[in-house]
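> I'd like to go over a predicted model; first the sequence, then the structure.
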Amino acid sequence: MPIDKIRGQKRTFQGESQAKPLLRALNGEMNSDAKAKNVVDTRSLRVLVSRLQRLGTSEYQSYALNRFLKRYVATPMVLPNYLGNPERKDDPEWQLIWSRNGDRNHPFTELRLVIIAIELAISGHIHALRQCPVCNRWIYGRFEQQKFCSAKCKDVCRRSDPAWQEERRKRAREYYWLHKNKNVR
Ligand SMILES: [Zn+2]
């Protein structure tokens, strides 16, 4: 998905779909292919997200964040949509894309994710990005209460709760005595 378009349809903003490639990167999935090593600096992106999440009315936080962002020195480029996309060979539209300066194998990818993260912060969706407390996987929480990546992790967390374990032991004891007495009779 293009970051922006010089002309063309109005940009629709949907936090969840926009966050998808960013989540893949945060989960380290963009560098997993052997041929695609070091496409993005996962650690930097995680730092960026946590800084954006702490960005409130504090002037200091924005100062620190902007200092961090100085690593992304880039040049705007206009590229035709048909480039590298045979299906769109008749597409007359062009897009603006930021290319990171320096001799890089992947000059566009990480910067595109940085811009996505900033846009999520601006639109108030940045706190939806969170880590599952059980497996540490990054997710897009649709509701404030959504903490876990899956029902499985939610269950793991519930089972590790001492109150739940105590309740289970109590039930096991009751079950034991119930059946023991039955056998005696
Ligand atoms: Zn999980």
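That came through, no problem.

> sec struct for the residue nearest the centre of the chain, please.
Note on the chain: the residue nearest the mean C-alpha position is residue 23, at 2.7 Å, using C-alpha atoms, centre = their mean. Here residue 23 is recorded as helix under DSSP: H, G, I helix; E, B strand; the rest coil.

> Would you quantify the distance from it to residue 42?
12 Å (C-beta to C-beta, to the nearest Å). All C-beta spots, glycine's among them, are computed from the backbone N, C-alpha and C.

> do residue 50 as well
Residue 50 is 13 Å from residue 42, by C-beta to C-beta.

> More neighbours: these two, which one.
residue 42 (17 against 12; other C-beta atoms under 10 Å).

> And the more buried one, its phi and psi?
phi -60, psi -40 (degrees, to the nearest 10).

> number of nearby residues for the residue nearest to it when sequence neighbours are not counted?
Closest residue to residue 42 apart from its sequence neighbours, by C-beta to C-beta, 6 or more residues apart in numbering: residue 28 at 5.2 Å. Around residue 28 there are 15 other residues, counting by other C-beta under 10 Å.

> I'd like the distance between residue 170 and residue 181.
Noted for residue 170: a distance of 17 Å to residue 181, by C-beta to C-beta.

> Can you list the neighbours in contact with stretch 141-156?
Applying C-beta atoms under 8 Å, 6 or more residues apart in numbering, the external contacts of stretch 141-156 come out as 16, 128, 129, 130, 132, 133, 134, 135, 137, 139, 157.

> neighbour-wise, which of these leads?
residue 129 (23 neighbours).

> Residue 55 and residue 62 touch, don't they?
Yes - with contact defined as C-beta atoms under 8 Å, residue 55 reaches residue 62; the gap is 6.3 Å.

> Map the structural domains onto the sequence of the protein.
The record's domain parsing of the chain by automatic domain parsing lists 4-143, 150-185.

> so can I have JSON lines of these showing mean pLDDT?
As requested, the domains of the chain are exported to JSON lines (pLDDT from 0 to 100):
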{"stretch": "domain 4-143", "mean pLDDT": "87"}
{"stretch": "domain 150-185", "mean pLDDT": "86"}
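
> Comparing these, which comes out most buried?
domain 4-143 (a mean of 14; mean count of other C-beta atoms under 10 Å).

> do that one and the ion meet at all?
Yes - residues of domain 4-143 are located near the ion by C-beta under 5 Å from the ion, namely 132, 134, 135, 137.
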